[in-house]
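Here is a sequence with its predicted model. Questions after.
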Amino acid sequence: MKNIFIYYLILINIIAFITMYIDKQKAINHKWRVKEATLFLLSIIGGSLGTILGMYNFRHKTKHLKFTLGIPLIILIQILIFLFLKDTSFILK
């Protein structure tokens, strides 16, 4: 179970990172964009590190307060949830 969770996190973060790249390219080319709700959803379901790495690697959404505060807040909440679940022996056994 632990390995599946780790593989899931790796995959969802790669997807989030690539989605930030795709959205940046679409923005440059004035094409139809990825919805902000989709970017946040990817973060919430575990892709927050990929999202924030994509933000700063591609310089995308870094001037939007919603993203510069929202994504780190999601990461913080996810860390707190992880620590709580780890302490209650619910995960990582």
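Nice, I can see it.

Work out the gap between the helix ranked longest in the chain and the centre of the chain.
In the chain, with assignment by DSSP state H, the single longest helix is helix 2-28. The chain centroid and the centroid of helix 2-28 are separated by 7 Å under C-alpha atoms, centre = their mean, to the nearest Å.

got any ranges where the chain has weak pLDDT?
The chain contains residues with pLDDT under 70 at 1, 89-93.

ok, and for the longest helix of the chain, which residues are buried?
Residues of helix 2-28 classed as buried by neighbour count (16 or more other C-beta atoms under 10 Å): 9, 12, 13, 15, 16, 17, 19, 20, 23, 24. In this view, the C-beta of every residue, glycine as well, is placed from N, C-alpha and C.

Considering the residues you listed, which is situated nearest to residue 87?
Nearest to residue 87 among those is residue 9, at 19.1 Å by C-beta to C-beta.

Quick one: residues contacting the closest one.
Applying C-beta atoms under 8 Å, 6 or more residues apart in numbering to residue 9 gives the contacts residue 46.

Good, we can wrap up now.
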